[in-house]
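Undergrad: Sharing a sequence plus its predicted fold:
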Amino acid sequence: MSEDTLRRAVAEMIGAFTLTFIGAGAAAAAGGIHDTALIGVAIANGLAIGVMVCALGPISGGHFNPAITFGFFITRRIKPALAVVYWVAQFGGAALAALLVKSLLPRSITEAVSLGVPALGHGVDASSGFLLEAVLTFFLVLVVFGAAVDERGPFNSVAGLAIGLTISIDVLFGGPFTGAAMNPSRAFGPQLVGDHWSNGWVWYAGPVLGGSVAALLYHYLFKPESVPAAT
């Protein structure tokens, strides 16, 4: 592994770790104080990604999300081998974060929220959850391409803000219905460590579908003149 690839992998691992550590931790904290409002959890998730995109985006591109990396892969913005490295780093970072949350917080608190694993809300079936996750991830990846990829974007220099705010608004809507993960690694970490796999496919298939549609739409319709070489 080259030094550049190693730097990118570590950056992606830290970013994915941060999202799961803060996201699962915020869910546990909210449950621990019986806070039923979404605003705190939404802000925590948005800020976690926003600050990491600002800090580590120049190193790895600030994906921190296998669905985003897949969007880059299908639009030829990342080579297959590097995409695999990103996925390993993202899933690994999320698993480590979930393990630390489980180890550091009281068991009664983490068990009450199933370690922050995304779950379907009452009355929401798996197919509806799948489509909700797809739509929410569509918004996220569209903003990533518009704010962080397209050099014409007015928010390119502060992409972390736009991306973080998108995550927050998605959580405000989707949190009670699907957990609004929008990120397979965010689901995977708590699922693996807590052994909570109910309807697990929803948080893999939904984000990948939504992210792919957004990436292809932006690449071929909004910016068709640009077909960059994979990096």
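TA: All right, it came through fine.
Undergrad: Dead centre of the protein: give me the residue that sits there.
TA: Geometric centre of the chain, nearest residue: residue 183, 3.5 Å, by C-alpha atoms, centre = their mean.
Undergrad: just the helices in this protein please.
TA: 3-32, 39-60, 66-74, 80-104, 107-112, 126-144, 159-178, 184-194, 202-217 (DSSP state H).
Undergrad: Those into a markdown table, with extra columns for mean neighbour count?
TA: Any C-beta I mention is one placed from the backbone N, CA and C, and that applies to glycine too. Shown next, in a markdown table, are those (neighbours: other C-beta atoms under 10 Å):
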| stretch | mean neighbour count |
| --- | --- |
| helix 3-32 | 22 |
| helix 39-60 | 20 |
| helix 66-74 | 26 |
| helix 80-104 | 20 |
| helix 107-112 | 15 |
| helix 126-144 | 22 |
| helix 159-178 | 21 |
| helix 184-194 | 27 |
| helix 202-217 | 23 |
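Undergrad: out of these, nearest to residue 151?
TA: In terms of C-beta to C-beta, the element of those nearest to residue 151 is helix 159-178, at 11.2 Å.
Undergrad: okay, now the nearest residue to the residue nearest to the centre of the chain once chain neighbours are set aside: neighbour count?
TA: The spatial neighbour of residue 183 that comes closest, neighbours along the chain excluded (C-beta to C-beta, 6 or more residues apart in numbering), is residue 65 at 4.4 Å. Residue 65 has 31 neighbouring residues, counting by other C-beta atoms under 10 Å.
Undergrad: which residues touch residue 65?
TA: The contact partners of residue 65, by C-beta atoms under 8 Å, 6 or more residues apart in numbering, come to 16, 19, 90, 140, 182-186, 207, 211.
Undergrad: Quick check: phi and psi on it?
TA: phi -160, psi 120 (degrees, to the nearest 10).
Undergrad: Next: residue 76.
TA: Main-chain dihedrals, residue 76, degrees, to the nearest 10: phi 60, psi 40.
Undergrad: Please work out how many residues are found near it.
TA: Neighbour count for residue 76, taken as other C-beta under 10 Å: 13.
Undergrad: Could you check the pLDDT of it?
TA: Model confidence at residue 76, expressed as pLDDT, equals 95.
Undergrad: and residue 117, what pLDDT?
TA: 95.
Undergrad: Next up, the contacts around it.
TA: 24, 179, 187, 190-191, 194, 196.
Undergrad: how about those residues, which pair is most distant?
TA: Across the contacts of residue 117 (C-beta to C-beta), the longest gap, 13.2 Å, separates 179 and 194.
Undergrad: Residue 135 against residue 211, yeah?
TA: No: between residue 135 and residue 211 there is no contact under C-beta atoms under 8 Å: 11.0 Å.
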